[in-house]
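S.K.: I would like the atomic coordinates for the input below:
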Amino acid sequence: MSRVGKKPITIPDKVQVSIDGRTLKAKGPLGELTLSIPEPIDFNIENNVLTFSRPNDDKKVRALHGLSRALSYNTIYGVKDGFSKTLKIEGIGYKVELKGKGLLFSLGYSHPIYFLPPDGIIFEAPNPNTVVVKGANKEVVGLVAAKIKKLRPPEPYKGKGVRYEGEYIRRKEGKKASK
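M.R.: Numbers count the residues shown, from 1 in each chain. From the prediction side, this is the model:
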């Protein structure tokens, strides 16, 4: 049996989870999220514990078993605590500032870039070189962080650009000066 899929999920006190057909709805302090569970996977709630089971041991069904449990866990704990990703900006003159709900980036281009958040995403800019992306949906937080990083990916020679906090950029040696 799937090691991930057979773990039960304990539903926190602040979160209400309901099942409507094949849809799992979670409502908590940070909002409301819905998740559609794939067809062969069975799920039920008993005594504030959500469990998943599968009808057979086919390879595809085993994969869906663990995936369903992981996505449900992210949905339930996303509406309770939320998820965040921190991005660092490196480079001379590279900076970010909060303008309204969006971010205004200066990344070495001839123009500033204004980035608006999608629904459910909140930006923080604690200093001019750091961006924090927060939200209840883990998938959307990761996608928004990846789009911000794509505005100016880190380059290997000087390390300038936007990178995730803690990400290691493998540096290359530049051209050698000839004598």
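
S.K.: Every contact and neighbour count from this point should use C-alpha atoms.
M.R.: Fine.

S.K.: Name all residues that make contact with residue 14.
M.R.: By C-alpha atoms under 8 Å, 6 or more residues apart in numbering, the contact list for residue 14 reads 28, 29, 80.

S.K.: tell me the contacts of the nearest residue to residue 142 once chain neighbours are set aside?
M.R.: For residue 142, ignoring the flanking residues on the chain, the nearest one in space by C-alpha to C-alpha, 6 or more residues apart in numbering is residue 85 at 7.2 Å. Residue 85 is in contact with 132, 133, 134, 141, 142, 145, 164, 165, counting by C-alpha under 8 Å, 6+ apart.

S.K.: With neighbour count added, can I get those in CSV?
M.R.: Listed next are the contacts of residue 85 as CSV, based on neighbours: other C-alpha atoms under 10 Å:
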residue, neighbour count
132, 18
133, 21
134, 22
141, 23
142, 17
145, 21
164, 18
165, 14
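
S.K.: one step back: pick the one among the contacts of residue 14 closest to residue 150.
M.R.: Distance to residue 150 across these (C-alpha to C-alpha) is lowest for residue 80, with 29.2 Å.

S.K.: one step back: so how far is residue 41 from the residue nearest to residue 142?
M.R.: As for residue 85, its distance to residue 41 is 31 Å (criterion: C-alpha to C-alpha, to the nearest Å).
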